[in-house]
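In: I would like the atomic coordinates for the input below:
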Amino acid sequence: MFKITSLLKQAFASHDPPVKLPAKKTSTRRRLLLLLLALFHTLGALSSLDALMSSRTSQGSIAWIVSLNTFPYIAVPAYWIFGRSKFQGYVISRKETDHELFAKHQLKTAGAEQYLMAEERIGASFAAIEQLAKMPFLTGNQAQLLIDGEQTFNSIFEGIRQAKHYVLVQFYIVRDDQLGRQLQQLLIEKARSGVAVYFLFDEIGSHRLPKRYIQQLADAGVLVRPFHSTKGPGNRFQLNFRNHRKIVVTDGHHGWLGGLNVGDEYLGKDPRFGEWRDTHLRLSGPAVLGLQLSFVEDWYWSSEQLPSLNWQAIPANDSDIPVLIIPSGPADRFETASLMMQHALNSASKKIWVASPYFVPDEGTVAALKLAALRGVDVRILIPERTDILLVSLAAYAFVGPLLDAGVKIYRYQRGFLHAKSFVLDDEFIAVGTVNLDNRSFRLNFEITALLADAALNQQLQQQFLLDFALSRQMKLADVLNRPWYKKAASQAANLMSPIL
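Out: Below is the predicted model of the structure:
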């Protein structure tokens, strides 16, 4: 028995030394973990300094600084991807493009001077919008409102078929579905017939677009480029800046812009969304050069090449509508889209009706909406009953209560999904474009808007608004006040994230 006990002790004793090894490994792991935690907190502090210096809103700065110093392990990667508010490099690219365009093509002297709108016709108050746009109001244009997808794409496709020299195509979302393949085949046909075709898409919005779709275009001679929002060392990790523009230009004479992307859902064929309500615009005349310039700036950023295009201003037949093209984006010196909307609200004397699928306005826009309503302007906001982004839908309730209390009328569209981005201002001006009433469109996306001064178009868009109001539910203040407390809390929590939505 004694021998057995001794043998057992010796056996266990022979395994004693290895027991100390995990302790060393644990100690090493702890040191590595502490170093990693220290690194994240250091990066959080440095990133919060960047947020303090570069965020365009105080709410955004506060939200990021608190997050970066409280939860740096999550907030630091999120900030590098979503937190930046200035698009590095594009400003320099734009200056180079402007220099090349104005020097080589002499856009400023391309016959456009004779179509400059007289100040007494437009009013001195809109000189600020011209300064923001860095383009003038140009007369001699023809414009047609295009309602919903079928009418819009019939017009665009027919315009592409009639192109003789070149076609410029730019969309935020392009799907490889029936409508997307129809556009693809049309562009392939034009390229094979000798027409120069330039195709620009946003790689974030069109992330599902398969490589074969792009390769088939390229094989046919179409010049295809992603926008490259991650181009440049300062943009490598970010996903914040997206090119939300929708532009088609043919031969420098005709152009299209508005809310519609390329996909079957924009024709109302997706059961998730149902009927799709949208507004687009067809232009002919000197103002098309503004659309063309916006496209070329984006193309130059993507490819560092300038296409050979027509820069001669040619007036439309039997029409003289003044049009101002307003590109906007995170490379602008000022917050162009937000200031444009605030200026329109402050200029309204009778009415301003605005349609937007997303409603998360900034403080300046909220204040302008309230002031317009308080001074007796008929202010109406048309938004969908449900959106495809839950946080945006929740955040909207944080704004509607105070606006309703000030006299702003808010309508929730019931039939399908409202995606139009347009407004009517008094009885003369209208705007159609890609800008939503939210922080992303105001500060983070590249957008484009056409502002037109024409009483007939104003009346036409007013009639469309009245049809949409008839298919909507007008909100009451009680709808907001009587919501359950947990829904109110959710709306306020979502509102805290509005600077980065």
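In: doesn't residue 182 fall inside a strand?
Out: No. Using DSSP: H, G, I helix; E, B strand; the rest coil, the secondary structure at residue 182 is helix, not a strand.
In: wait, it sits on residue 157?
Out: Yes. Residue 182 is within contact range of residue 157, at 7.3 Å (criterion: C-beta atoms under 8 Å). C-beta coordinates here come from the backbone N, C-alpha and C atoms, glycine included.
In: Show me what whichever strand or helix holds residue 412 is in contact with.
Out: With elements taken from DSSP states H and E, the one containing residue 412 is strand 409-413. With contacts defined as C-beta atoms under 8 Å, 6 or more residues apart in numbering, strand 409-413 is touched by 277, 378-385, 400, 403-404, 468-469, 471-475.
In: What is the end-to-end distance of stretch 247-258?
Out: 8 Å (C-alpha to C-alpha, to the nearest Å).
In: Pull up the pairing partners for the strand holding residue 412, direction included.
Out: strand 378-384 (parallel), strand 472-474 (antiparallel) (DSSP bridges).
In: hey, where'd the strands end up in the stretch 201-350 of the chain?
Out: Assigned by DSSP state E, counting those that start in this stretch, the strands in the stretch 201-350 of the chain fall at 223-226, 247-250, 254-258, 276-277, 279-284, 321-328.
In: Throw those strands into a markdown table and include mean neighbour count, mean pLDDT and distance to residue 194, thanks.
Out: Shown next, in a markdown table, are the strands of the stretch 201-350 of the chain (neighbours: other C-beta atoms under 10 Å; pLDDT from 0 to 100; distance: least, C-beta to C-beta, whole Å):
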| stretch | mean neighbour count | mean pLDDT | distance to residue 194 |
| --- | --- | --- | --- |
| strand 223-226 | 18 | 96 | 14 |
| strand 247-250 | 25 | 98 | 14 |
| strand 254-258 | 25 | 98 | 19 |
| strand 276-277 | 25 | 96 | 35 |
| strand 279-284 | 24 | 98 | 23 |
| strand 321-328 | 26 | 94 | 29 |
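In: For residue 482, which of those strands is the nearest?
Out: Evaluated over these, closeness to residue 482 peaks at strand 276-277, with 28.2 Å, by C-beta to C-beta.
In: Note down every partner strand of that closest one and its orientation.
Out: Here, using DSSP bridges, strand 276-277 pairs with strand 417-418 (parallel).
In: pLDDT on the partner strand, on average?
Out: For strand 417-418, the per-residue pLDDT values average out at 95.
In: Distance from the chain centre to whatever helix or strand comes next after that strand, please.
Out: Using DSSP H and E, the next helix or strand after strand 417-418 towards the C-terminus is strand 422-425. Relative to the centre of its chain, strand 422-425 is centred 18 Å away, using C-alpha atoms, centre = their mean, to the nearest Å.
In: helices or strands up against the following helix or strand past strand 422-425?
Out: Per DSSP H and E, the first helix or strand lying C-terminal to strand 422-425 is strand 429-433. Applying 3 or more C-beta pairs under 8 Å, 6 or more residues apart in numbering; DSSP states H and E, one finds that strand 429-433 contacts strand 254-258, strand 279-284, strand 422-425, strand 447-453, helix 455-470.
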